[in-house]
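show me the folded form of this:
(one chain, ligands or ions: 1)
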Amino acid sequence: MKLPLVAIVGAPNVGKSTLFNRLLGRRRAIVTNEPGVTRDRLYGEVRQAPRPFRLVDTGGLTPKTDAPFARDIERQAEAALEETRRDHAGEYILAVEGNPPLNEEGMFCIVGGRPFIEQLKEMAAGAKAVVAWGSCASNGCVQAAKPNPTQATPIHKVIHDKPIIKVPGCPPIAEVMTGVLTYMLTFDRIPPLDRLGRPKMFYGQRIHDKCYRRPHFDAGQFAESWDDENSRMGYCLYKMGCRGPTTYNACSTVRWNEGVSFPIQSGHGCIGCSEENFWDNGPFYERLAEVHTPLGVEANADRIGATAAGVITAGVAAHAAISALTRVRNPHSGE
Ligand code: SF4
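As a prediction, this is how the structure comes out:
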């Protein structure tokens, strides 16, 4: 039986060979800090996965053509892409990081001598589905922040005829990325998505829903500055601008670095990096605006619809106000 093929292609020296070794479960590719060590493409088979697959490591595509062997290394990466297109047409999953800038005919992002937008469309044409890795690919992120001079554009706005699975986050959580691909390889289908195209299993709840500081929010106990006593006590960071109440992601459950911590645990509020236009939704250190609404705080993205952020913000503001009022009425319930 022909095994599925996973080709790792990208910029040089960004961890492709480390990922290759990790998936293989042994040190097959040479890993050093020197770019350009991986030259020929390297094949391996991952047998411990629920569905075995073939894996290809490549030296990557580089815009710096005067580096030693640069063009030869590039040809190897292009050959891996060509092999995927030719031998697995209609079967492969294209996982894309970054977004194509459309201004000046795509000249602001040249990969392997050609505009990224061209390469993206070429690879997407034969794909079964496209995974948009990270906030750049999913939402545009910092490249698309106003005034967006390069016209950086998220994947779903340039690829219209394929299912797009968005995995936002700046960066996305490693376990979430692998969890989405593992689901697709194991069940041979796309995971259930919310109305914005994000897998519900990781983006179905807000950071706020599972945040370990939530009891402080409910009790009306808030840090008022970064170094006050409330901050040292680990109180809620809502008044310091935390975007956890309007941000859908798995940070407060999966956490980061193999579950070690996440921004709120290290004392900084969530900046909402997995939500659309988060760079333009600042300033990050001001509390969410108060907008009064009859809706409560426990609605999810699907039920709320297009006004999700504003409505939840309102609910949170109302909830926080009620918590604070309760605390004033009953001084023994809070700080
Ligand atoms: S506002 Fe932020 S810090 Fe406070 S409970 Fe919600 S997510 Fe946690």
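
got the contact list for the residue of the stretch 51-200 of the chain found nearest the ligand?
Across the stretch 51-200 of the chain, no residue is closer to the ligand than G169, which sits at 15.4 Å (C-beta to the nearest ligand atom). C-beta coordinates here come from the backbone N, C-alpha and C atoms, glycine included. By C-beta atoms under 8 Å, 6 or more residues apart in numbering, the contact set of G169 is G134, S135, V176, N249, C273, S274.

one more time with 10 Å, if that's ok
133-135, 138, 141, 176-177, 202-203, 247, 249-251, 273-275 (C-beta atoms under 10 Å, 6 or more residues apart in numbering).

of the residues you listed - the most surrounded one?
Neighbour tally across the contacts of G169 (other C-beta atoms under 10 Å): the maximum, 31 neighbours, falls on S274.

against R195, how distant is that one?
Distance, S274 to R195, using C-beta to C-beta, to the nearest Å: 15 Å.

can you get me a residue count around V260?
When neighbours are counted by other C-beta under 10 Å, V260 registers 9.

what sits against it?
Going by C-beta under 10 Å, 6+ apart, V260 touches S266.

same check, this time on F187
P50, R51.

quick check: the residue of the stretch 201-335 of the chain nearest the ligand.
Ranked by C-beta to the nearest ligand atom, the top residue of the stretch 201-335 of the chain for proximity to the ligand is G244, at 2.3 Å.

hang on, that residue packs against C211?
Yes. Contact criterion C-beta atoms under 10 Å: G244 and C211 qualify, at 5.5 Å.

so G241 sits right up against I264, yeah?
No. G241 is beyond contact range of I264, at 11.7 Å (criterion: C-beta under 10 Å).

which of those two has more residues huddled nearby?
Set side by side, G241 and I264 show more neighbours around I264, with 22 against 18, by other C-beta under 10 Å.

wasn't the more buried one part of a helix?
Yes. Assessed by DSSP: H, G, I helix; E, B strand; the rest coil, I264 belongs to a helix.

quick one, strands of the protein?
5-8, 42-46, 53-57, 92-97, 110-111, 114-115, 127-133, 164-167 (DSSP state E).

and these, which is most packed in?
Comparing those by mean neighbour count (mean count of other C-beta atoms under 10 Å), strand 164-167 ranks first with a mean of 26.

please report how far F20 lies from F284.
Distance, F20 to F284, by C-beta to C-beta: 36 Å.

what of C109?
27 Å.

which one of the two is surrounded by more residues?
With other C-beta under 10 Å as the criterion, C109 and F284 differ in neighbour count, and C109 comes out ahead with 20 against 17.

which residues sit in contact with the nearest residue to N249 once chain neighbours are set aside?
In space, and not counting its chain neighbours, N249 is closest to S274: 4.4 Å by C-beta to C-beta, 6 or more residues apart in numbering. By C-beta under 10 Å, 6+ apart, the contact set of S274 is 134-135, 138-139, 141, 166-173, 176, 198, 202-203, 207, 243, 247-251.

returning to that earlier point: and for the residue of the stretch 201-335 of the chain closest to the ligand, nearest residue in space, chain neighbours not counted?
I207 is the one closest to G244 (C-beta to C-beta, 6+ apart), at 3.7 Å.

quick one, what contacts that neighbour?
Contacts of I207 (C-beta under 10 Å, 6+ apart): 214, 242-253, 262-264, 269-270, 272, 274.

give me every residue that touches the nearest residue to M123 once chain neighbours are set aside.
Leaving out its chain neighbours, the residue that sits closest to M123 by C-beta to C-beta, 6+ apart is L94, at 5.2 Å. By C-beta under 10 Å, 6+ apart, the contact list for L94 reads 7, 81, 84-85, 120, 123-132, 155, 159, 162, 164.

go again using 6 Å as the cut-off
Counting by C-beta atoms under 6 Å, 6 or more residues apart in numbering, L94 makes contact with M123, A124, A127, V130.

residue contacts, the third one?
Applying C-beta under 6 Å, 6+ apart to A127 gives the contacts Y92, L94, K162.

and these, which is closest to D188?
Y92 (12.7 Å; C-beta to C-beta).

ok, C273 touching C170?
Yes. Using C-beta atoms under 6 Å, C273 is in contact with C170, at 3.8 Å.

residues that sit against both of the two, list them.
Taking C-beta under 6 Å, 6+ apart as the criterion, C273 and C170 both touch S135.

the closest residue to G197 other than its chain neighbours pairs with what?
Spatial nearest neighbour of G197, chain neighbours left out: K166 (4.5 Å); criterion: C-beta to C-beta, 6+ apart. Beta-bridge pairing for K166 (DSSP bridges): A132.
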